[in-house]
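Undergrad: After the sequence you'll find the predicted model.
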Amino acid sequence: MLNIDWSQTENLLKKNIRFIENSKKISADVNKLRTLNETDYRLMLCEDGASITIEKNTDAGYIRFHSAYEPHREGQLLAQKIVTEDSREKIYLRFGFGFGYLFNYLLPLTENQDSIVIIYEPSYDIFNYFIRLFDISKLFTGYSVRLFVGDSMNDVRKMFPYLHDAPRAETSKYCSLSYSSSFKDEIDGCSHALEKFYRDGQLNRNTQRFFAEKWAVNTISNIPFIFKSPWYKGFKGLLEGKPAILVSAGPSLNKNIHLLREVQGKVFIAAAYVTVKTFEANGIKPDMLMALDGVQAPYTVNNDYDFLDIPLVLHANVPRSMFEHHKENNFIFLDGTTVLSKMVERTGKTIEYVHITGGTVALGVANLLKYMGAGTIILMGQDLALTGGSHHAKEYTEGNETVTEDWMQERLVQYKKIMVEDVYGEQVETTQVLDGFRRQFEDFAESNESIKMIDATEGGAKIAHTTIMTFREAMDTYMAEYKDDTFTAKLINQARENGEFLDKDEKLKMIDILKDMVNQCIEIEELTDDALKAGEKVLNLFRFNKIPTNKELAKPYIKYRSILVEKILKNDLVITAINPKFTANFIEADALRREDDHEAHFFVRHTSEMLVNQRELVKDFQQKLEETLEEISKEGV
C-alpha cells in the first residue's frame, strides 16, 4: 500500500478545483472535493512501476478499480476495442472515471470521428484521490468530453441538456465490473434515468423549445388575472385517500360517460379541458377542469350548461383568452419550471409545486389528484391510441373551428404509426407521440405505488401498472359507499376558502421584477448588437481571406463574442423565459467548436444567426412586458 503525504498534494488539489470551477466540461460539487476519505480506500503501486490502482474495502474484501498490471496499456487496448471505424458521431457513455487511464486513449480516437464522450463517476471518494494525484486539465483540454460526478439523480440530470443537443447516431455504454458491484444502486439509477430520458425526454424538451416564447408571452399577459386568482394550495389533501375519476378525451369516452351521472357530486371528477364538449353533450358537470396547453382555444358551450360554475384550473401559460372566457372560479396551476414560478420565488414567496411528470394535461390532472391525496385514480377516456380509427371523443372536433377533422388528420400524418397491445390483449394502432404519453403514465403509476390506478377506459392501449376494469366494475368496487350528492361541492368550497393569493407586498415585488425584465430586454438588445458586430468582423476575415492563419487571428473575436453572449445568458429571467433553445444551442456550439478554420467560421456564423433571432424575440417580449405593466397600473395595484 502506498503511503502518501497528502499535505504535499494541496497545490495540485487547488489547481484542479480552479479548473473544475471554470470548466464547462466537468460537473461536480467542489464543496465535496475538499475532504479526503482515507478510511475505506487504499492506493497500490501497479506492477508496471509507473501507475497507481485504487481499492475499496467492502464486506467481500478489497475490490480493485484499476488493473494491478498495466492500466495504460489495457486502457489503450480497450479504447481501440470500443471505437470502431463505423461509429462516427456517437455518444460514448462510460460509467466510472477512476484515474482516467482509459480516457487517455479513448478521447483522441473519438475526437477524430466527431464523437462525444460522457463520463459518469458515481464516487466522489475516487474522484477526490484523482484530483490530488493527477492534473485533470491535461486530460480534458481540447476534447468533446463531459464528466459528471455525483451519487444522486440531481447530479445525473445535469447531463440531460447536453445529451439533448449533441449530434448522435447511437449511444454506447460501458461499465467496469468493479464499478458495477460497488456502485450498483447509483449506476442502476443513472441507467434508468438515461433510458427514460432517451425514451421520453426529447419529446418534452422539443415541446418546451417550440412553445417557450408563446408560454412566456402568455404568462406575462395573464399576470393581471393571476393577481386576482387563488393558487391551487387549497386542494392539498382534500381527498384523504378517497377515490377520484380522471377523465380524458379519448375515443372510448363516448362509450360510458353517461355512467358518471350516477356518481356526480359523490366522487371527485377531474377532467382535461378538451372533454368539456362531451360533458355538455351528456348533461354532466365535472368537479374540475384543467387546461395546461399554451395554445388551448376556449370552447363555446350553450348558455344553459352553466359552464362558469365549473372550477377551472389554469396553467399560467395558457392563452389570455382562456382567462377572459372563464373570468370567475379559476385556480392558478404552477409547476417549478415556468417563468412565473421563478418570478414568484424571487419575491420570497414559498410555493409547494405540483410537479408534472409528463407532457399531457391528463398527467397534470393525475399529479393534482395525487396532491389532493387521492387513494384511487380511475381512468376514463385514457385511450392513448387510435381506438376504432378515432383520435378523440367525437365532440372534440364537432363544431370546433380550431380543431377540425382535417387539421387533426394532418397532425396524425406527421407522426409515425405503430401497433401496441390494447386493454383486451389485442393490437391497436397508435402514434409514437401517444405511445410516449402512455409510457409517461406508466411511470406515474409505477412511481406512486400508494395510489391504486384503475384503467376503466374500456378501450385503447394497455397501460402497465394499472388494473383493468370496466367502468361499471370500478363504480361497484370503489364508489358504491359514497351517498352524499354534495360531497364534491363541499371540497371545492373548501379549496376556494383555503386558496392562497399573492398579497400586496408580493404583487409590488412582482411589478419590480417585471420592470427589471424590461431593463434586461434593453440590455440584451444592446449586447446582441455588439456581439453581431464582432461576429461580422470575423466572418469578413474569412470571406475575403485576408489573414494567413484564420484560427489564430479569429480567436480574440470569438472570445469577445463569447463573453458578450455569456452576458446575455446572465439575463436569465428573460432568456430562459422566451428561448431555452438559444441557451442550449449556444452551449452546443461552444462545446462542439473545433480549433480549425472551418469550425471557427461555422461557430461564428451559426451563433450569429441565433443572435439575430434572439433579438427579435426579446423585442416582442419587451413590448408585452410594458403592456402588462400599463394594464396593472390602470387597475391600481
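TA: All right, it came through fine. Numbering: from 1, shown residues only.
Undergrad: Wasn't residue 56 part of a helix?
TA: No - applying DSSP: H, G, I helix; E, B strand; the rest coil, one finds residue 56 to be strand, outside a helix.
Undergrad: Roughly how far does it sit from residue 516?
TA: 50 Å (C-beta to C-beta, to the nearest Å). In this view, the C-beta of every residue, glycine as well, is placed from N, C-alpha and C.
Undergrad: Where does residue 517 sit, in terms of helix or strand?
TA: helix 504-544 (DSSP states H and E).
Undergrad: one step back: neighbour count for residue 56 and residue 516, which is higher?
TA: residue 56 (20 against 16; other C-beta atoms under 10 Å).
Undergrad: How about the contacts made by residue 40?
TA: By C-beta atoms under 8 Å, 6 or more residues apart in numbering, the residues touching residue 40 are 56-57, 125.
Undergrad: repeat that with 7 Å
TA: Going by C-beta atoms under 7 Å, 6 or more residues apart in numbering, residue 40 touches 56-57.
Undergrad: Against residue 443, how distant is it?
TA: 35 Å.
Undergrad: now residue 481
TA: Residue 481 is 31 Å from residue 443, by C-beta to C-beta.
Undergrad: cool, residue 352 as well?
TA: For residue 352, the distance to residue 443 - C-beta to C-beta - is 22 Å.
Undergrad: just to revisit the earlier point, can you name every helix or strand that the helix holding residue 517 contacts?
TA: helix 550-570, helix 572-578, helix 597-634 (3 or more C-beta pairs under 7 Å, 6 or more residues apart in numbering; DSSP states H and E).
Undergrad: Buried ones in stretch 437-444, by neighbour count?
TA: For stretch 437-444, a neighbour-count test (16 or more other C-beta atoms under 10 Å) marks 437-444 as buried.
Undergrad: now swap in stretch 129-136 and tell me
TA: 129-133, 136.
Undergrad: OK, contacts around the spatially closest residue to residue 523 that is not a sequence neighbour?
TA: What sits nearest to residue 523 in space, not counting adjacent residues and going by C-beta to C-beta, 6 or more residues apart in numbering, is residue 571, at 6.1 Å. Taking C-beta under 7 Å, 6+ apart as the criterion, residue 571 is in contact with 520, 523-524.
Undergrad: Please, a ChimeraX command that selects the buried ones among the residues you listed?
TA: To isolate the buried members of these in ChimeraX, using 16+ other C-beta under 10 Å:
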select :520,523,524
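Undergrad: would JSON lines of the contacts of residue 571 with pLDDT and distance to residue 391 be doable?
TA: Formatted as JSON lines, those follow (pLDDT from 0 to 100; distance: C-beta to C-beta, whole Å):
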{"residue": "520", "pLDDT": "91", "distance to residue 391": "41"}
{"residue": "523", "pLDDT": "91", "distance to residue 391": "46"}
{"residue": "524", "pLDDT": "89", "distance to residue 391": "41"}
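Undergrad: follow-up on the earlier one: out of the buried residues of stretch 437-444, which comes closest to residue 285?
TA: Residue 285 lies nearest to residue 441 out of the buried residues of stretch 437-444, by C-beta to C-beta, at 25.2 Å.
Undergrad: okay, and for the stretch 301-450 of the chain, where does confidence drop off?
TA: Applying pLDDT under 70 to the stretch 301-450 of the chain flags the ranges 337, 355-359, 397-415.
Undergrad: ok, now which ones touch residue 285?
TA: Contacts of residue 285 by C-beta under 7 Å, 6+ apart are 264, 279, 310.
Undergrad: A helix includes it, no?
TA: No - counting by three-state DSSP, residue 285 falls outside a helix, being coil.
Undergrad: From residue 308, how far off is it?
TA: 11 Å.
Undergrad: Do a quick rundown of the helices in the stretch 351-500 of the chain.
TA: 361-371, 405-413, 432-447, 471-478, 487-497 (DSSP state H, counting those that start in this stretch).
Undergrad: Next, the buried residues of stretch 510-524.
TA: For stretch 510-524, by 16+ other C-beta under 10 Å, it's 510-511, 514, 516-518, 520-521, 523-524.
Undergrad: Provide the secondary structure category for residue 76.
TA: Three-state call for residue 76 (three-state DSSP): helix.
Undergrad: which non-adjacent residue is nearest it?
TA: residue 105 (4.4 Å).
Undergrad: quick one: what helix or strand has that neighbour in it?
TA: helix 103-111.
Undergrad: Would you give the sheet partners of the helix or strand that comes right after that helix, along with the direction of each?
TA: From helix 103-111 onward toward the C-terminus, using DSSP H and E, the following helix or strand is strand 116-121. Sheet pairing for strand 116-121, assigned by DSSP bridges, gives strand 91-95 (parallel), strand 145-149 (parallel).
Undergrad: Tell me what angle the last one forms with helix 103-111.
TA: Right, the one you point to is strand 145-149. With axes from the mean of the first three to the mean of the last three C-alpha atoms, to 10 degrees applied, the angle from strand 145-149 to helix 103-111 works out at 130 degrees.
Undergrad: Check what contacts strand 145-149 and list those residues.
TA: 25-28, 97, 107, 117-121, 124, 127, 155-156, 158-159, 162.
Undergrad: just the buried members of these?
TA: 25-28, 97, 107, 117-121, 124, 127, 155-156, 159, 162.
Undergrad: Mind putting the buried residues of stretch 129-136 into a markdown table with pLDDT?
TA: Shown next, in a markdown table, are these (pLDDT from 0 to 100):
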| residue | pLDDT |
| --- | --- |
| 129 | 94 |
| 130 | 94 |
| 131 | 94 |
| 132 | 94 |
| 133 | 93 |
| 136 | 92 |
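Undergrad: Report the two of those residues separated the most.
TA: Among those, 129 and 136 lie farthest apart (C-beta to C-beta), at 12.0 Å.
Undergrad: what's the first-to-last distance across stretch 17-29?
TA: This stretch, stretch 17-29, spans 10 Å end to end (C-alpha to C-alpha, to the nearest Å).
Undergrad: For it, what is the distance to the chain centroid?
TA: 23 Å (C-alpha atoms, centre = their mean, to the nearest Å).
Undergrad: Let me know the average pLDDT across that stretch.
TA: Per-region confidence: stretch 17-29 scores 88 on mean pLDDT.
Undergrad: go on, stretch 246-263?
TA: Per-residue pLDDT values across stretch 246-263 average out to 95.
Undergrad: Check stretch 76-87 too.
TA: Stretch 76-87 shows a mean pLDDT of 77.
Undergrad: pull the CA atoms of it into CSV?
TA: Output of stretch 76-87 as CSV, limited to C-alpha atoms (Å, rounded to 0.1, in the frame of the first residue of the first chain):
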residue,chain,number,x,y,z
GLN,A,76,-5.3,1.7,-24.9
LEU,A,77,-6.5,-1.7,-25.9
LEU,A,78,-10.0,-1.2,-24.5
ALA,A,79,-10.2,2.2,-26.2
GLN,A,80,-9.4,0.6,-29.6
LYS,A,81,-12.0,-2.1,-29.0
ILE,A,82,-14.7,0.4,-28.1
VAL,A,83,-14.1,2.8,-31.0
THR,A,84,-14.7,1.2,-34.4
GLU,A,85,-14.4,2.7,-37.8
ASP,A,86,-18.2,2.7,-38.4
SER,A,87,-19.1,4.5,-35.2
